[in-house]
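*Asks:* Need the 3D shape of this:
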Amino acid sequence: MLPAIAAAVFAGYLGLRRLENPLGDAAFQDIMGLRRGKWFRKTGHIFGRFGRNVLRAADSRHHLIIGPTRSGKGAGYVIPNALMHEGSMIVSDLKGEIFKATAGYRKKNGSQVFLFAPGSERTNRYNPLDFVRSERGNRTTDIQNIASILVPENIGSENSVWQGLAQQVVAGIISYVLESPFYHGRRNLGEVVSFVNSGVDLQAQIKFIKEKEPNLSKYTVESFNAFLALSERAAASALLDIQNALRPFRNERIVAATEVTDMDIAAMKRRPISIYLAPNITDITILRPLLTLFVQQVMNILTLEHDPNSLPVYFLLDEFRQLKKMDEIMTKLPYVAGYNIKLAIIIQDLKNLDEIYGETSRHSLLGNCGYQLVLGANDQATAEYTSRALGKRTIRYSSESRTIEILSLPRRTKVEQIRERDLMMAQEVRQMPESKMILLVEGQRPIYGDKLRFFNTQPFKSAEAYSQSHVPDVPTIEYLPHKPVPALTSAYAQDGQRAAEQTISPLPFHPQHREEPSQEATAANSPSIPAAGATKQENNGTVNLSVNLPVPRNDTKTAIPPAEINGRIMKVEAELKPSAERLLKVVNEKFEASGTSPRKRKSYLDILNATIPDPEVIGLKFNSD
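*Replies:* Down below sits the predicted model:
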């Protein structure tokens, strides 16, 4: 009985006790809370100041920085963090200011520094095709990712069908450039552009290539076939979309900047490497796909292996709106922190995200950024979001009334009321003093502090001054000589025919005789593209090691060679048979070791040259005069 009475009394006490903040208890952190949260540490990423103390945080959560033009994004966040980050870093530097202000100091502290500035006379170089993985399934995925960025498909638009087809054709051409032996030493996007701007009918050109190189990969052939199946009008429409999408790579400087790669991107998690993306601001429109491709491809490379002890990699994406839509980044944002990768996304307002990703993706991004730094708000959407995120607090106020009763005696009545109020209303966010900032922190009360200015704060001021006086050298761009499309050269007819006849396959050796090329084909300075109805040469997947003798150009009445010649033929064939056996053995070993990937095994011609003696070397040389 007594326990029941005690419980009832306790419950009554709780019910009668006044709740301090029944409508909300939102409040900013005070200095004691900041000390308990270890915000005044000596290392970590920098967000601002609280009095004389610098606010730093050291964990794996992503950052979102919001602030209109001239609100202090660079001076208060970008440059201080670019100077002090310990590890590797990717920085989008569209104005070129961050490189000058931070690269020298980072180099002094042991980081390798690279500047990728396509379109400029001085730049490091990056070739996206260098990072296509060689394994069969991964290779196709990497190629499709590149094509989807270069030729975006706008679902719902009138041209979406042609854009999707153009994307498939570009992927097929990239695949061809990566695997054809005729592109050895020149596998880059500039060659892809030359392929589609060769000046000849693209369908006929592709047919010609399929005839001359019958051992292309299934993916390449199927991509080519999709284009060959189009009508003339449809093919022209798809080609126009391709040429428009690849327009940036017709610029000689951009082609030179993407011919090879001189940055060890895969080593960013092993040693400090800082890469600055700094295109000319006037070129940003045409270079946007290339910059997006770089960021997305680096992200893919860094997430191939999971090593919790690797160096942290910091993506400092200033002017995030200028980059194209990156679905891969948005998809990987929730889990890349586990790969020791941190993203800092810098925008002017929330509408920037809505324009590119839509409202749903914007909410996802906000949910994955544990630190949200608001340096100001010039638009209502950002102000209202910040006000809602800050929360509400309970306001108490009392009113007193006075009445005159009988005998003129006064009576006072006092009433206490409560209501809710935003910690900061939207208009208060918009009217926030220029020197103040708001930091929304996941799992903590928000912080209302002061903006940091690196030029007024040590050690950032001296570090920036050192960088300005020690700007690292950037190599001058190197222009390589222009090379024609291999399929349009005079050598391709003969070499392509040889490649077709020497198709490597681990099958039994079956010698076959080929006919002499016609006089019309050998006399031309450049091979003619075959007509659409041309018959494709049959290929049975064997190695052709038969000996072909030139037919004398006189009016001899007999086609039978003399006995001496027949004897020499039999001798040569006997010598070539062991070579053919060795060839098949080498080929089988190469296939097993490389998983049949064309990027990992030697060129077919290289293998043949290493195993089959040259006819002139063994004395089989005939004079055709």
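*Asks:* hey, let's count contacts and neighbours off CA atoms from now on
*Replies:* Will do.
*Asks:* Need the three-state assignment for Phe47.
*Replies:* The three-state label given to Phe47 by DSSP: H, G, I helix; E, B strand; the rest coil is strand.
*Asks:* sorry, that was for Gln372
*Replies:* Classification of Gln372 into helix, strand or coil gives strand, according to three-state DSSP.
*Asks:* show me the contacts for it.
*Replies:* By CA atoms under 8 Å, 6 or more residues apart in numbering, the contact set of Gln372 is 63-66, 439-441.
*Asks:* From those, list the buried ones, please.
*Replies:* If you count burial by 16 or more other CA atoms under 10 Å, the buried members of the contacts of Gln372 come out as 63-66, 439-441.
*Asks:* Now, the residues you listed that are in strands?
*Replies:* Taking DSSP state E, the ones among these that sit in strands are 63-66, 439-441.
*Asks:* Show me which pair in those is furthest apart.
*Replies:* When these are compared pair by pair using CA to CA, the two farthest from each other are Ile66 and Val441, 14.0 Å apart.
*Asks:* hmm, back to that, go through the buried ones among the contacts of Gln372 and say which is closest to Phe50.
*Replies:* Taking the buried ones among the contacts of Gln372 together and measuring to Phe50 by CA to CA, the closest member is Leu439, at 11.3 Å.
*Asks:* For the closest one, which non-adjacent residue is closest in space?
*Replies:* Nearest residue to Leu439, sequence neighbours excluded (CA to CA, 6 or more residues apart in numbering): Leu373, at 4.6 Å.
*Asks:* what's the burial count for the one you found?
*Replies:* Neighbours of Leu373 under the rule other CA atoms under 10 Å: 23.
*Asks:* Then Gly33?
*Replies:* Other residues near Gly33 come to 14 when the count uses other CA under 10 Å.
*Asks:* Which pLDDT value goes with it?
*Replies:* Predicted confidence (pLDDT) for Gly33: 94.
*Asks:* With Met299 instead?
*Replies:* Predicted confidence (pLDDT) for Met299: 92.
*Asks:* swap in Leu311?
*Replies:* pLDDT for Leu311: 95.
*Asks:* Number the residues from 23 up from this point.
*Replies:* Happy to do that; since the first residue is 23 now, the last one works out to Leu333.
*Asks:* does it really touch Pro294, like I thought?
*Replies:* Yes. Under the criterion of CA atoms under 8 Å, Leu333 is in contact with Pro294, at a separation of 7.5 Å.
*Asks:* roughly how far is the helix or strand harbouring Tyr488 from the heart of the chain?
*Replies:* Taking DSSP states H and E as the definition, one finds Tyr488 inside helix 482-491. From the chain centre to the centre of helix 482-491 is a distance of 31 Å (CA atoms, centre = their mean, to the nearest Å).
*Asks:* Which other helices and strands does that helix contact?
*Replies:* helix 101-106, helix 119-130 (3 or more CA pairs under 8 Å, 6 or more residues apart in numbering; DSSP states H and E).
*Asks:* CA atoms only: put the last one into PDB for me.
*Replies:* Provided in PDB are the C-alpha atoms of helix 119-130 (Å, rounded to 0.1, in the frame of the first residue of the first chain):
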ATOM      1  CA  GLU A 119      44.000  33.000 -55.900                       C
ATOM      2  CA  ILE A 120      44.100  29.900 -53.600                       C
ATOM      3  CA  PHE A 121      47.200  28.400 -55.400                       C
ATOM      4  CA  LYS A 122      49.200  31.600 -55.000                       C
ATOM      5  CA  ALA A 123      48.100  32.000 -51.300                       C
ATOM      6  CA  THR A 124      48.700  28.400 -50.100                       C
ATOM      7  CA  ALA A 125      50.800  26.300 -52.500                       C
ATOM      8  CA  GLY A 126      54.200  27.600 -51.400                       C
ATOM      9  CA  TYR A 127      53.500  26.900 -47.800                       C
ATOM     10  CA  ARG A 128      52.200  23.400 -48.400                       C
ATOM     11  CA  LYS A 129      55.200  22.600 -50.500                       C
ATOM     12  CA  LYS A 130      57.400  23.900 -47.700                       C
END
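*Asks:* Could you check the angle that helix makes with helix 482-491?
*Replies:* Orientation of helix 119-130 against helix 482-491 (axes from the mean of the first three to the mean of the last three CA atoms, to 10 degrees) gives an angle of 90 degrees.
*Asks:* so what sits against both of Leu333 and Pro294?
*Replies:* Common neighbours of Leu333 and Pro294, counting by CA under 8 Å, 6+ apart, are 109-110.
*Asks:* Can you tell me which of the ones in strands among the buried ones among the contacts of Gln394 is nearest Leu224?
*Replies:* Using CA to CA, those come closest to Leu224 at Leu86, 46.1 Å.
*Asks:* Can you spell out the domain ranges of this protein, please?
*Replies:* Annotated domains of the chain cover 45-148+283-491, 150-278, 511-633 [automatic domain parsing].
*Asks:* could I get those domains as TSV with distance to Pro503?
*Replies:* Rendered in TSV, the data for the domains of the chain read as follows (distance: least, CA to CA, whole Å):
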stretch	distance to Pro503
domain 45-148+283-491	17
domain 150-278	10
domain 511-633	16
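*Asks:* Could you count how many residues lie near Pro494?
*Replies:* Residues within reach of Pro494, counting by other CA under 10 Å, total 20.
*Asks:* ok, Tyr205 - contacts?
*Replies:* Shown here is Tyr205, whose contacts under the criterion CA under 8 Å, 6+ apart are 199, 508.
*Asks:* ugh, wrong one, I meant Ala48
*Replies:* Under the criterion of CA under 8 Å, 6+ apart, the contact list for Ala48 reads 412-415, 445, 467.
*Asks:* Please list all residues in contact with Phe138.
*Replies:* Going by CA under 8 Å, 6+ apart, Phe138 touches 145-148, 297-301.
*Asks:* typo on my end, Asp115
*Replies:* Under the criterion of CA under 8 Å, 6+ apart, the contact partners of Asp115 comprise 121, 298-301, 340.
*Asks:* Can you add pLDDT, distance to Cys391 and secondary structure and give those residues back as JSON lines?
*Replies:* As requested, the contacts of Asp115 are exported to JSON lines (pLDDT from 0 to 100; distance: CA to CA, whole Å; DSSP: H, G, I helix; E, B strand; the rest coil):
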{"residue": "Phe121", "pLDDT": "97", "distance to Cys391": "26", "secondary structure": "helix"}
{"residue": "Tyr298", "pLDDT": "98", "distance to Cys391": "23", "secondary structure": "strand"}
{"residue": "Leu299", "pLDDT": "96", "distance to Cys391": "23", "secondary structure": "strand"}
{"residue": "Ala300", "pLDDT": "94", "distance to Cys391": "25", "secondary structure": "coil"}
{"residue": "Pro301", "pLDDT": "91", "distance to Cys391": "27", "secondary structure": "coil"}
{"residue": "Asp340", "pLDDT": "93", "distance to Cys391": "15", "secondary structure": "coil"}
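*Asks:* I am finished for the moment; much appreciated.
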